[in-house]
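# Any chance you can model this:
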Amino acid sequence: MFTQWVHSYRDLPLMINQWANVTRWEMRTKPFVRTLEFLWQEGHTAHATEEEAEKEALQMIEVYHKFACEQAAMPVIVGRKSRAETFAGALRTYTIEAMMGDCKALQAGTSHNLGQNFSRVFGTQFTDENGQRQYVWQTSWAVSTRMVGGIIMTHGDDTGLMLPPRMAPIQVVIIPIWKKADEKGVILEVASNLEKILKAASIRVKLDESDLKTAGWKFNFWEMKGVPLRIEVGPRDVLNKSVVVSRRDMPGKDGKDFGISMDPSFLVVYIRDKLEEVQSALLARATAFRDSNIVNVESYEELKAAISEGKWARGPWAASDFEESKVKEETGATIRCFPFDQPPGNKACLMTGKPADEIAIFAKSY
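Numbering: from 1, shown residues only. Purely as a prediction, here's the structure:
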């Protein structure tokens with residue numbers, strides 16, 4: 001379609017973003033991570049110059065980087081793929097790599113500078129300002145429902161989901177608790193009023209007022225669903241005009257705050273602050289876990305030892321594609337990326353001992 005849409009420099013840049021379901025062959029499927037059909041957000045662009053295409057590719061990987069860290073609380077390492085791992089036909093592939101709870105790497109999003117390789121194949125040309133025919137420079141970039149799997153595997157625990165508040169469909173669940181029939185009416189009235197207060201403050205809240213399940217059952221159910229905060233309202237709370245607030249990310253008494261005032265001006269500020277605390281805590285916890293499982297290596301033997309322990313290996317690399325394939329064959333690990341954030345100083349390749357300009361990160365992946 002680009003060939004039909006692009007004729008002149010005035011048609012550029014051409015920017016297409018789409019959400020589409022994709023079906024492809026997978027020998028071994030894994031929910032969310034590798035499925036026969038998945039939903040993805042995919043972008044395709046065409047530009048007049050290589051510089052514009054490169055700027056677009058870098059801009060989009062930064063968009064994915066910010067989304068992963070700021071919304072999904074998923075700390076990712078952003079960098080460039082090796083030649084062997086670069087998307088077929090692309091000049092360069094940029095990636096965000098996340099560490100899952102089992103220490104495997106997840107390629108959570110990619111952005112490709114396709115150069116003119118595809119435009120030459122399909123004959124996608126434009127007339128420039130000087131009247132000359134030129135091939136366009138293209139990019140493509142995408143994230144998919146794999147990101148959902150990444151969020152689950154980054155934050156989830158044996159109890160169930162643990163959703164970052166900025167992404168959680170329900171940020172707060174209210175659980176009314178009563179034992180006697182004459183307590184039910186007033187407790188539900190108070191709980192309903194709390195729901196209205198929080199909704200008015202644009203907080204995504206749900207009141208679980210069903211009486212078919214016990215309070216304990218509801219606690220477990222909403223914890224499994226990953227709701228960040230739970231508000232408990234019982235007879236004593238109604239008398240004291242206060243509530244109990246529990247955090248999903250901190251089980252037990254450590255995650256409970258008692259005697260939180262029901263006063264709207266106080267409660268709304270408290271809940272907003274607490275949601276931000278949970279968001280920050282999830283990112284900090286995942287970052288600490290990732291950093292504690294990355295080993296700096298200076299030799300191939302150290303790399304193999306790190307990978308055998310299930311960790312990521314980070315070390316200088318200037319070896320050939322053949323030696324990269326050797327690492328994959330012998331350890332099961334691949335170069336996940338050359339991080340944009342590179343340490344200063346002289347380095348020697350862990351495989352060859354030759355001078356290396358960059359460090360690479362190796363890990364087993366999904």
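# Which secondary structure state is assigned to the closest residue to Lys354 other than its chain neighbours?
Take Lys354 and drop its neighbours on the chain: the residue closest to it by C-beta to C-beta, 6 or more residues apart in numbering is Ala318, 5.4 Å away. To be clear about C-beta, it is placed using only N, CA and C from the backbone, and glycine gets the same treatment. Classification of Ala318 using DSSP: H, G, I helix; E, B strand; the rest coil returns coil.
# ok, how many other residues are close to Ala318?
Neighbour count for Ala318, taken as other C-beta atoms under 10 Å: 18.
# same question, Arg236
For Arg236, the count of nearby residues is 10 (other C-beta under 10 Å).
# ditto for Glu51
10.
# Contacts only, for the residue lying farthest from the centre of the chain.
Each residue of the chain has a distance to the centre, and by C-alpha atoms, centre = their mean the biggest one is for Asp182: 47.2 Å. By C-beta atoms under 8 Å, 6 or more residues apart in numbering, the contact list for Asp182 is empty.
# Recalculate using a threshold of 10 Å.
If you count contacts by C-beta atoms under 10 Å, 6 or more residues apart in numbering, Asp182 has them with Pro235.
# Now find how far off-centre the host helix or strand of it is within its chain.
In the assignment (DSSP states H and E), Asp182 maps to helix 181-200. Relative to the chain's own centre, helix 181-200 is displaced by 36 Å; criterion: C-alpha atoms, centre = their mean, to the nearest Å.
# just stretch 2-20 next, same as before
29 Å.
# measure that stretch end to end?
By C-alpha to C-alpha, to the nearest Å, the extent of stretch 2-20 from end to end equals 18 Å.
# and if you look at stretch 224-240?
Stretch 224-240 end-to-end distance (C-alpha to C-alpha) = 30 Å.
# got it, and stretch 4-23?
So stretch 4-23: terminal residues 26 Å apart, C-alpha to C-alpha.
# Please list the residues outside that stretch that contact it.
1-2, 35-49, 52-53, 56, 60, 119, 124-130, 132, 134, 136-142, 144-145.
# For PyMOL, what selects the buried ones among these?
Per 16 or more other C-beta atoms under 10 Å, the buried members of the contacts of stretch 4-23 correspond to this PyMOL selection:
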select buried, resi 2+35+38+40+41+43+44+45+46+47+48+52+53+56+60+119+124+125+126+134+136+137+138+139+140+141+142+144+145
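# Contacts only, for Lys328.
Neighbouring residues of Lys328 by C-beta under 10 Å, 6+ apart: Ala84, Glu85, Thr334, Ile335, Phe362, Lys364.
# Report the separation between it and Val173.
Lys328 sits 46 Å away from Val173, going by C-beta to C-beta, to the nearest Å.
# Next secondary structure after the helix holding Asp182?
Where DSSP H and E defines the elements, the next helix or strand beyond helix 181-200 is strand 205-207.
# So for this protein, which residue is the most central one in space?
Per C-alpha atoms, centre = their mean, the C-alpha nearest to the average position across the chain is that of Ala68, at 3.6 Å.
# for the closest residue to Arg146 other than its chain neighbours, what are its contacts?
Distances taken as C-beta to C-beta, 6+ apart place Val33 nearest to Arg146, at 5.7 Å, with adjacent residues excluded. Val33 makes contacts with 26, 100, 104, 106-107, 144-146, 148-150, 152-153, 365-366, as judged by C-beta under 10 Å, 6+ apart.
# circling back to that earlier point, extract the C-alpha set from the helix holding Asp182 and format it as CSV.
Output in CSV follows, covering the C-alpha atoms of helix 181-200 (Å, rounded to 0.1, in the frame of the first residue of the first chain):
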residue,chain,number,x,y,z
ALA,A,181,-28.4,-9.0,60.1
ASP,A,182,-29.1,-5.6,61.7
GLU,A,183,-25.6,-4.4,60.9
LYS,A,184,-25.8,-5.0,57.2
GLY,A,185,-27.9,-2.0,56.2
VAL,A,186,-25.8,0.7,57.8
ILE,A,187,-22.5,-0.9,56.8
LEU,A,188,-23.6,-1.2,53.2
GLU,A,189,-24.7,2.4,53.2
VAL,A,190,-21.3,3.6,54.5
ALA,A,191,-19.5,1.4,52.0
SER,A,192,-21.6,2.7,49.1
ASN,A,193,-20.9,6.3,50.2
LEU,A,194,-17.1,5.5,50.2
GLU,A,195,-17.5,4.1,46.7
LYS,A,196,-19.1,7.3,45.5
ILE,A,197,-16.4,9.4,47.1
LEU,A,198,-13.6,7.5,45.4
LYS,A,199,-15.4,7.4,42.0
ALA,A,200,-15.9,11.1,42.1
